[in-house]
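Student: would you be able to build a 3D model of this:
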Amino acid sequence: MAFGFTKTDFVYINDSYNPDTGRWENEGQFLGPDDPKLMVHYASYGVNYGNSIFEGAKAYLGKDGHVRLFRIEENGKRFGRSAEGILMPPVPVDLFVKKVKELVIKNRNYIPAFDPDPNNRGSLYIRPLLIGEPGLGVRRAENPTFLIFVSPVGPYYATGFNPLHGMVIHHMVRAMPGGHGAYKTGANYVMSMLATAYAKKNGCQEAIWLDGYRHENIEELSACNFMCRIQNTLVTPALSDTILAGITRNSILRLAREQLGMTIEERDLPLEEVLTDADETFGCGTAAVITPIGKISAYHGRYTQEITKDVGELSRKLYDMLTGIQWGVVDDPFKWVTILD
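Tutor: Have a look, this model is predicted:
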């Protein structure tokens with residue numbers, strides 16, 4: 001199963017926000033996937049000016065047959081921060097979580113069955129959206145529509161859990177300080193497409209972004225956060241207004257610190273240090289889970305450093321711990337999982 005869109009039986013929609021009261025007036029409704037009410041208007045602020053945000057979460061059919069959500073409240077909180085970051089009315093976290101749960105259960109039959117082989121497991125991807133209403137003129141959206149759809153998916157990268165080849169992008173910038181790089185908006189992702197195409201043209205699978213000012217420090221991959229192991233220390237770029245606060249990122253740092261006893265450093269991470277000292281490198285995110293990076297090419301492909309030939313020991317250990325919790329294979333020490341049925 002690839003990572004792509006498959007139509008399911010129900011989609012959630014809520015267009016009840018009242019700017020006069022500052023409240024969502026009702027709980028919305030569940031519609032069939034082809035209902036005309038779900039079609040985005042051509043004059044939408046979201047379509048024309050980018051007044052839209054989204055989230056990414058997953059539902060898992062566990063080894064015991066129960067449906068699980070992973071840290072879904074954190075997705076609701078981040079959805080609210082992103083909304084406020086581009087001057088859109090946030091959705092209350094309790095409403096967000098309630099409707100995600102209800103939609104997943106309504107589409108339960110689309111959750112891929114549990115597979116004993118972790119490399120073959122699929123999940124139900126959850127995509128909440130907040131899209132600005134129709135209008136003209138660059139201005140804030142005051143009557144947005146809140147939607148959620150789901151789709152069964154496999155691995156985000158075609159390489160699966162095998163190491164991919166990343167290319168450092170020196171001639172483009174994903175986000176600058178003072179911008180909206182830390183919010184989950186479509187604009188932050190469309191910026192990555194040209195860079196990813198450039199990486200693929202040069203024999204790589206993914207783009208690796210540097211900071212916008214000096215082009216010295218690694219920040220993110222195009223679709224997930226970046227981490228590396230240097231001896232017994234797990235290092236990742238410190239959060240800022242140019243880096244998305246990944247929920248998977250936070251979970252991995254806690255697992256490494258509290259379960260594996262590793263030293264954690266969140267700091268500037270120079271490209272030269274990674275190329276010289278890193279023993280393992282990987283990306284992490286809801287869609288990507290943990291994706292090893294075996295090689296890194298830099299300076300427009302003139303230099304390539306092989307980090308690992310195979311999946312690194314830490315990458316494998318963290319992957320097994322994280323996915324084990326998500327699918328109910330191992331204990332959940334942090335109470336991250338919500339069991340729906």
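
Student: residue contacts, the residue lying closest to residue 300 once chain neighbours are set aside?
Tutor: Leaving aside its chain neighbours, residue 300 sits nearest to residue 170 (6.5 Å; criterion: CB to CB, 6 or more residues apart in numbering). No exception for glycine: its C-beta is placed from N, CA and C like everyone else's. With contact taken as CB atoms under 8 Å, 6 or more residues apart in numbering, residue 170 is in contact with 210, 215, 298-300.

Student: which residues in the stretch 101-250 of the chain form helices?
Tutor: With DSSP state H, counting those that start in this stretch as the criterion, the stretch 101-250 of the chain has helices at 186-201, 247-254.

Student: now, of the contacts of residue 170, which are buried?
Tutor: 210, 298 (16 or more other CB atoms under 10 Å).

Student: looking at the contacts of residue 170, which are in strands?
Tutor: Using DSSP state E, the subset of the contacts of residue 170 located in strands is 210, 298.

Student: returning to what we had before: just send the helices of the stretch 101-250 of the chain back as a markdown table, with mean neighbour count, distance to residue 331 and mean pLDDT too.
Tutor: Shown next, in a markdown table, are those (neighbours: other CB atoms under 10 Å; distance: least, CB to CB, whole Å; pLDDT from 0 to 100):
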| stretch | mean neighbour count | distance to residue 331 | mean pLDDT |
| --- | --- | --- | --- |
| helix 186-201 | 16 | 35 | 92 |
| helix 247-254 | 20 | 14 | 98 |
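
Student: mind checking which of these is nearest residue 323?
Tutor: helix 247-254 (10.7 Å; CB to CB).

Student: which residues are in contact with the closest one?
Tutor: Contacts of helix 247-254 (CB under 8 Å, 6+ apart): 70-71, 74-75, 78, 224-225, 227, 234, 236, 264, 266, 284-286, 288-290, 318, 322, 334, 336.

Student: stretch 314-328 too?
Tutor: Identification of contacts with stretch 314-328 by CB under 8 Å, 6+ apart yields 58, 60-64, 66, 68, 70, 114, 118, 121, 123, 161, 229, 234, 248, 251-252, 255-256, 259-260, 280, 282, 289-290, 292, 311, 329-332, 334, 336-337.

Student: now what about stretch 5-23, what contacts it?
Tutor: Counting by CB under 8 Å, 6+ apart, 24-33, 35, 37-38, 89, 91, 95, 99, 102-103, 106-107, 109-110, 142-152 sit against stretch 5-23.

Student: how about a cut-off of 6 Å?
Tutor: Applying CB atoms under 6 Å, 6 or more residues apart in numbering, the contact partners of stretch 5-23 are 24-26, 28, 30-31, 33, 38, 89, 99, 103, 106-107, 110, 142-143, 145-152.

Student: stretch 122-133 too?
Tutor: For stretch 122-133, contacts defined as CB under 6 Å, 6+ apart pick out 1, 44-46, 51-55, 57-60, 79, 83, 88, 100, 110-112, 141, 143-154.

Student: ok, the residue nearest to residue 300 to residue 202 distance?
Tutor: Remark: distance between residue 170 and residue 202 (CB to CB, to the nearest Å) = 12 Å.

Student: ok so, going back, as CSV, the contacts of residue 170 with pLDDT and distance to residue 127 would be great.
Tutor: Shown next, in CSV, are those (pLDDT from 0 to 100; distance: CB to CB, whole Å):
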residue, pLDDT, distance to residue 127
210, 98, 29
215, 95, 32
298, 97, 33
299, 95, 36
300, 93, 34
